[in-house]
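**Q** Next comes the sequence, and after it the predicted model I'd like to discuss.
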Amino acid sequence: MKKPKIQQTVLVDQRRRQLLLTASAAAMGAAAFPAFAQQGYPNKVIRWIVPYTAGGATDLVARLAGEALGNALGQRVIIDNKPGAASTLGIGQMAVSAPDGYTLATADNAALFNNWHLFGKLPYGPDSFEYVAPLMQAPLVLALAPNVPAATFQEWVTWAKQNTGKVNYGTPGIGSPHHLAMALLNDRLTLGLQHVPYKGDSAAVADVVSGVLSCMLMGVATARQYVKEGRLRLIAINWPHRLESLPDVPTLAEVGVKNFEISAEQAVLAPAGTPKEIVGRLNREIIAAMNSPALKERLEVLGIFPPVTRTPEELRAYVRRQAAIAGEVIKRNGITLN
């Protein structure tokens, strides 16, 4: 027996309402999920990979920042040192970790800008990460050996050009920020300087102090130590302004080298796909930690400064620009790791 037409209409309308209610509930649930996930984060220990050995500056910065981040989040942050292959081992492990906000990694100039151009193939790509937050930046100061007959940047440039091919400079290693910055300066001013790479900066600094090397870009803390002893002469710094601790050292811009964009930097990365809400929270907390008075004071003694504040999107764009600059310098100078 057929149902009356009016009853069929009522049944259809009921089905439609049920479908609409179901769809609406699903949509509300989907929209609420990220907020729910963020509210529950973090509920376990966060692992922060440092792609270098314990005890160095990169490790120290991560430990100080990790402690501050853990305090802000109410959860422990543990540092996991994974050195090897110019940071690619540790960065690679981070890239394949679960994208849940519980694995982070420090990335320096090598991982952020240089390795793309120095290695034939990497186990990850630029889109394998979320660019969480800038971590720190450190100026490099141009130091002259005591036997170099120059008291100012201009005098050094004149002397170097008069001795093209005979003036050398040291670096902590091939592809280091010190190397790329000095190579860029060499290109800009057509000085004809000769590169002498070392394994680490201690031996290189010692050879500048002794006069075996003519010059070197080095960290502020190291330079300050030898300047106080009268064993080095500082003629320029690649920083937007003069430092309070080195008030007599002009910036590169002041001596005529404009838009010099290579310095030592670090940022925090997470695996691609980490929820945006978590990445955003980590960005805010890390930047706040690095700008806290206590941490700033402790790091500035080491010549390390808070980074320029950038959102994750701004950081991603900045890394791509800087990687392009590094690539040009590497290509123009034929820099390889072999």
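**A** Everything's here; your move.
**Q** So, low pLDDT: which residues of the stretch 201-338 of the chain?
**A** 338 (pLDDT under 70).
**Q** need the strands for it, in chain order.
**A** Remark: strands assigned in the stretch 201-338 of the chain by DSSP state E, counting those that start in this stretch are 215-219, 233-237, 264-271.
**Q** right, so of those strands, which gets closest to residue 45?
**A** Closest approach to residue 45 among the strands of the stretch 201-338 of the chain is made by strand 264-271 (15.1 Å; C-beta to C-beta). All C-beta spots, glycine's among them, are computed from the backbone N, C-alpha and C.
**Q** ok, and the closest non-adjacent residue to residue 191?
**A** Distances taken as C-beta to C-beta, 6 or more residues apart in numbering place residue 160 nearest to residue 191, at 4.5 Å, with adjacent residues excluded.
**Q** sorry, back to before: now tabulate the strands of the stretch 201-338 of the chain in a markdown table and tack on distance to residue 49 and mean neighbour count.
**A** Shown next, in a markdown table, are those (distance: least, C-beta to C-beta, whole Å; neighbours: other C-beta atoms under 10 Å):
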| stretch | distance to residue 49 | mean neighbour count |
| --- | --- | --- |
| strand 215-219 | 23 | 25 |
| strand 233-237 | 31 | 23 |
| strand 264-271 | 9 | 24 |
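**Q** Relative to residue 141, which of those is closest?
**A** strand 233-237 (4.5 Å).
**Q** helices and strands around the closest one, which ones?
**A** strand 140-144, helix 153-162, helix 220-228 (3 or more C-beta pairs under 8 Å, 6 or more residues apart in numbering; DSSP states H and E).
**Q** would you list every one of the helices in the stretch 201-338 of the chain?
**A** Counting by DSSP state H, counting those that start in this stretch, the stretch 201-338 of the chain has helices at residues 201-210, 220-228, 276-290, 293-300, 312-333.
**Q** can you check the stretch 51-200 of the chain too?
**A** Under DSSP H, counting those that start in this stretch, the stretch 51-200 of the chain gives helices at 57-73, 88-95, 109, 115-118, 153-162, 177-189.
**Q** can I get those in a markdown table with mean neighbour count and mean pLDDT?
**A** Converted to a markdown table, the helices of the stretch 51-200 of the chain look like this (neighbours: other C-beta atoms under 10 Å; pLDDT from 0 to 100):
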| stretch | mean neighbour count | mean pLDDT |
| --- | --- | --- |
| helix 57-73 | 20 | 97 |
| helix 88-95 | 21 | 97 |
| helix 109 | 25 | 97 |
| helix 115-118 | 19 | 96 |
| helix 153-162 | 16 | 98 |
| helix 177-189 | 21 | 97 |
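**Q** Nearest residue to the most centrally placed residue in the chain in space, please, no chain neighbours.
**A** The chain has residue 266 as the residue nearest its centroid, 2.1 Å off, counting by C-alpha atoms, centre = their mean. Counting by C-beta to C-beta, 6+ apart, residue 266 lies nearest to residue 135, which is 4.2 Å off, once chain neighbours are set aside.
**Q** what's the answer for residue 222, then?
**A** residue 205 (5.8 Å).
**Q** List the contacts of the one you found.
**A** Contacts here follow C-beta atoms under 8 Å, 6 or more residues apart in numbering; on that basis residue 205 touches 170, 216, 218, 222, 226.
**Q** max-length strand in the protein?
**A** Longest strand in the chain, counting residues (DSSP state E): strand 129-138.
**Q** that older thread, and of the strands of the stretch 201-338 of the chain, who's closest to residue 66?
**A** Closest approach to residue 66 among the strands of the stretch 201-338 of the chain is made by strand 264-271 (9.8 Å; C-beta to C-beta).
**Q** how far out from the middle of the chain is the closest one?
**A** 5 Å (C-alpha atoms, centre = their mean, to the nearest Å).
**Q** between whatever helix or strand residue 48 lives in and helix 276-290, how many degrees?
**A** According to DSSP states H and E, residue 48 maps onto strand 46-50. Relative orientation of strand 46-50 versus helix 276-290 (axes from the mean of the first three to the mean of the last three C-alpha atoms, to 10 degrees): 60 degrees.
**Q** tell me what strand 46-50 is packed against?
**A** When contacts are defined as 3+ C-beta pairs under 8 Å, 6+ apart, strand 46-50 sits against helix 57-73, strand 77-81, helix 88-95, strand 103-108.
**Q** Output these as a markdown table; include the columns distance to residue 174.
**A** Formatted as a markdown table, the helices and strands packed on strand 46-50 follow (distance: least, C-beta to C-beta, whole Å):
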| stretch | distance to residue 174 |
| --- | --- |
| helix 57-73 | 18 |
| strand 77-81 | 23 |
| helix 88-95 | 15 |
| strand 103-108 | 15 |
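**Q** Many thanks, we can stop here.
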